[in-house]
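Participant: Sequence and predicted model, in that order:
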Amino acid sequence: MEAARNKVFLRMVIGMISQDQLLINCLSQIGIPKELSEKLLRSKLSGGSLSLEERSSNYSKAFPKFPPLRIWNGRIEDIWFLGQNYKSQSSYYGSYPGNYLKRMNVIFPDCHPVLHLFSGSLPPGNYVRFDRRYDMKPEIVGDAHYLSDYLALNGWGNPFGAIFADPPYSIEDSEHYGCTLIKRNTVIDECHKILMPGGFLIWLDQVWPQYSKTNWDLYGKIGIEISTNHRSRSVTILKKRG
């Protein structure tokens, strides 16, 4: 466990060094143009964060062939038609839709460190993976209902800038994974405990999860469509108040 923790910590440190000292090269790999990378570097080194308008502009410039990210009532309100990803690198049941993370990384490139909750088959990277299955080899194995406790037990003391969550959507999905359906309210409360103020919870699901308006601001809603005869999903983006 100690070796695994040191290994992911090293990856995160290397990632942060890349974003501070070599950020332009690092971000070019996810499609962000040079001039936007330079602006992000200035923002990050000054301790600032991107505005909603800057996030929208980054998205449009990184994906010029896609419709612009729709902003309405001071938040993101959009729908993405991602299409069937026949080149998916993972056959794991319930893995992220194709290009989903690429788009999200462009919108939220300044939010670090990152936690992937219910990480499944996601490969190692400059983030922490949390999953209940040992065979998926995440950095932390545990029950998401006790997320903050598991992180503390594994020595993760720093708050996160963003959490990506893709939980089992239904009883049928839960049975496929061999677990019970999660209590969304409980897990969302646990995510609130480990996010830094102003951090983001990016929650992919079939339902709009209930959340405390005392703790969270609704930052965005994005509908996710793959193709015909596929389930419709949506992303709820919550920003921690404070």
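Facilitator: Yep, that arrived. Numbers count the residues shown, from 1 in each chain.
Participant: Could you pull out the strands in the protein for me?
Facilitator: 71-72, 75-81, 114-117, 128-131, 140-141, 160-165, 195-205, 216-225, 233-240 (DSSP state E).
Participant: Show me what counts as buried in the fourth one.
Facilitator: By neighbour count, and taking 16 or more other CB atoms under 10 Å as the criterion, the buried residues in strand 128-131 are 128-131. Backbone N, C-alpha and C define where each C-beta goes, glycine included.
Participant: And stretch 60-72, by the same measure?
Facilitator: 62-63, 69.
Participant: now do stretch 205-225
Facilitator: Buried, per 16+ other CB under 10 Å, within stretch 205-225: 205, 209, 211, 215-216, 218-222, 224-225.
Participant: pLDDT below threshold where in the protein?
Facilitator: Along the chain, the parts satisfying pLDDT under 70 run over 1-48, 84-95, 169-171, 173-180.
Participant: Quick one: the helices in it, in order.
Facilitator: Assigned helices in the chain, in chain order: 2-21, 23-28, 34-45, 52-62, 100-107, 147-153, 171-177, 184-194 (criterion: DSSP state H).
Participant: okay if I get the buried residues of stretch 205-225 as CSV plus distance to residue 153?
Facilitator: Shown next, in CSV, are the buried residues of stretch 205-225 (distance: CB to CB, whole Å):
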residue, distance to residue 153
205, 27
209, 26
211, 26
215, 24
216, 26
218, 32
219, 30
220, 32
221, 34
222, 34
224, 34
225, 39
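Participant: what's near enough to touch residue 237?
Facilitator: 75-76, 200-203, 218-222 (CB atoms under 8 Å, 6 or more residues apart in numbering).
Participant: Across the sheet, point out what pairs with it.
Facilitator: For residue 237, the beta-bridge partners are residue 202, residue 220 (DSSP bridges).
Participant: Then residue 225?
Facilitator: Here residue 225, judged by DSSP bridges, has bridge partners residue 81.
Participant: Send over stretch 104-114 as CSV, restricted to the C-alpha atoms.
Facilitator: What follows is stretch 104-114, C-alpha atoms only, in CSV (Å, rounded to 0.1, in the frame of the first residue of the first chain):
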residue,chain,number,x,y,z
MET,A,104,-14.0,17.5,-19.5
ASN,A,105,-10.2,17.9,-19.1
VAL,A,106,-10.3,20.8,-21.5
ILE,A,107,-13.1,22.5,-19.5
PHE,A,108,-11.4,21.9,-16.1
PRO,A,109,-7.6,21.9,-16.8
ASP,A,110,-6.9,24.0,-13.7
CYS,A,111,-8.5,21.7,-11.1
HIS,A,112,-5.9,19.6,-9.3
PRO,A,113,-5.4,17.2,-7.7
VAL,A,114,-8.1,15.0,-9.3
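Participant: can you give me how far it is from the chain middle?
Facilitator: From the chain centre to the centre of stretch 104-114 is a distance of 8 Å (CA atoms, centre = their mean, to the nearest Å).
Participant: Over to stretch 113-120?
Facilitator: The answer for stretch 113-120 is 7 Å, by CA atoms, centre = their mean.
Participant: end to end, how far does it reach?
Facilitator: End-to-end distance for stretch 113-120: 19 Å, by CA to CA, to the nearest Å.
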